[in-house]
Structures are given as C-alpha cells and as structure tokens.
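1. got a structure for you, letters missing:
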C-alpha cells in the first residue's frame, strides 16, 4: 500500500472512530502569558485583549492548563525577526509603535520557544495563545490586518536554521488569506503553504491560481471557500487539495496558523465551521504529523473575533492536540 493511501486510510479511521490518535497520549505545550493582553489598538477594535483573556479563562475552566506543559516565551528574540523581515520594516514598526513592537515581539518569542521545546523532546506539540496575530505581516513597515511580525514564518525559518530540518508544512485555516506567509515562501520548495479562506475578504488575495513561482511552483496551495462554507466543505478541501501532495512533500514539522474567525458567528467572517470541524482538521493533521515528523505540530492563534466562540474553538483544538 502506498504511503498516501495509508495516510488517507488512517484519517478515515480517525474520523470514523473519533479522537483516537495513533499515540495513546501526547505531551502538549501551551504558551500563555498575561502580557498578551497588554496589546491594544483602540478600545472598540475587534483584535482586543478580551480575545486572550477569554481563551485563558476557558482553558482554566476546562482543566486544560493543569494538563499541559507551560512554555515560557524565548528571551532576546529580536535578532530572529530578520529571518523573514527586513531591518527597515522592523525599524519602522519600532519607530511608529514602540510598545506594539514589544507586544508583537513577545508573540514571536512564544512561538520560537515552542520550536525549541518540540525539538528538545520536551513536548510533542503546542498551542500559542498569543496576540497580535502575524500571518498578514510582510515588509511594508506598518501593520497589515492587525499583524506586525510574521510569527509562523519566522519560526519556520528558525526551525530550519537551528534544527537541521528542510521541509516545513504550514496549514492556515483562518477565514482571511495569509498573504504574509505566501509572500515569505512563494518561491521556496521547502515550505508547503496550504490555506483555506474566502479570497474575496481582506486582504483580497489567495486566488487558487497563485501556486508559487520558480522552484516554489506547486508549493503554494490556496483554496477559496465561499461565504457559508461548512465543516464538510473545509474537510473536503483538506482531503482533495492537501492529501494528494503532502505525502511526497514529507514535512519534518507542521505549523498551524489557527485562525478561528472561520468559525460560525464570527464578527469578521461568514464561514460556518463548528468547534467539531476544527477538531476534525486537527485530527487529520495529527495523522499526517505522526506519519512524517514524529507528531511535531505547532499551532499559533491568528484571527477569531467572536470572543467566546474563539475561546471555545481554541479549547476544543487544544484538547484534540492533547489526545
């Protein structure tokens, strides 16, 4: 049996039997830091401190925090920003918004700490409840889509540089296209970027015709999901567009840009994904990770603007990572 067929069969077994991973249990890390609630654009802004606070409270209420390893953001991380961003971009953010620079840098530091923890063998996978988000950040010298530094992209380069890996899979299920991640790796055959999103929403990018260029052609996969897309729509996108390529790609690490604004009833999205839908996607990615990279999955909060809905989806996702 070919490996891709085996992975497909494994995923079908997971979906049929529920949350029964190939491992009996997993060591999951969690980045929680109350400083994530300090970032404030303005009082009425949807990317608010309440996003982090609700997730933190929800995780405590559901006894998640006591069951995971707490990961402390890495110190002295500013030098790693240049793995993706120009010094001009960094200097511009620092000059215009020095406090925001520190807040965004802390979010990057949390993700880098999870890379260290995963590759040291301390944990198998992790979730970073960090903000501000990062997947729209490019090199414009300003905020884009509430993003300043591209945490996942930086962490992918960091993992390649420091842990002698080559192939990285980035899966982005945010309602909005991660144009910053696409920008960072568009010509790179060693990073497979898979994004489901509404291409007519901000930032107006993410056409399925954008498949990468030069050596990176075929390694940028955009899937447009129209307003009203359901669990079955997004699962089908993963099955039809990701599975056929992921086996040959054989990632050594998987990142999830976990935007829960694709969840039902979000303020800035119109997809209808349920908490169980995110669990199903998580289970699928765990099967891929078990087959290719010893279960290494790092998930990072991106969007999600229904405060309680975002917290509920994040908790369901983390619980799935733990099993």
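-> Structure's in. What do you need? Please read these numbers as outputs of a predicted model, since none were measured by experiment.
2. Okay, buried residues for stretch 196-204 please.
-> Residues 196, 197, 198, 199, 201, 202, 203 are the ones in stretch 196-204 that count as buried (16 or more other CB atoms under 10 Å). (Glycine included, C-beta is placed from N, CA and C.)
3. who's in contact with residue 273?
-> 173, 229, 230, 231, 234, 262, 263, 264 (CB atoms under 8 Å, 6 or more residues apart in numbering).
4. By neighbours, which of those residues wins?
-> residue 173 (32 neighbours; other CB atoms under 10 Å).
5. My guess is that one contacts residue 255. True?
-> No - the pair residue 173 / residue 255 is not scored as a contact, 11.7 Å apart, by CB atoms under 8 Å.
6. what stretches of the chain score poorly on pLDDT?
-> Scanning the chain for pLDDT under 70 picks out 1-24.
7. Which stretches in it count as helices?
-> With helices called from DSSP state H, the chain shows them at 3-17, 49-61, 87-96, 98-119, 151-162, 179-185, 231-237, 243-249, 275-292, 307-322.
8. tell me the angle of the fourth one relative to helix 87-96?
-> I take that to be helix 98-119. 130 degrees (axes from the mean of the first three to the mean of the last three CA atoms, to 10 degrees).
9. Take the contacts of residue 273 and keep only those in strands.
-> With strands defined by DSSP state E, no entry of the contacts of residue 273 lies inside them.
10. Export those to TSV and append columns for distance to residue 32.
-> Formatted as TSV, the contacts of residue 273 follow (distance: CB to CB, whole Å):
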residue	distance to residue 32
173	22
229	30
230	31
231	28
234	27
262	23
263	21
264	25
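11. so which of those comes closest to residue 216?
-> Residue 216 has its nearest neighbour among the contacts of residue 273 in residue 173, at 21.2 Å by CB to CB.
12. For the closest one, give me its contacts.
-> By CB under 8 Å, 6+ apart, residue 173 lies in contact with 195, 196, 234, 256, 257, 258, 259, 262, 273, 278, 281.
13. redo that, cut-off 7 Å
-> Listed by CB atoms under 7 Å, 6 or more residues apart in numbering, the contact set of residue 173 reads 196, 234, 258, 259, 262, 281.
14. Out of the residues you listed, which comes closest to residue 130?
-> Residue 130 has its nearest neighbour among those in residue 258, at 10.6 Å by CB to CB.
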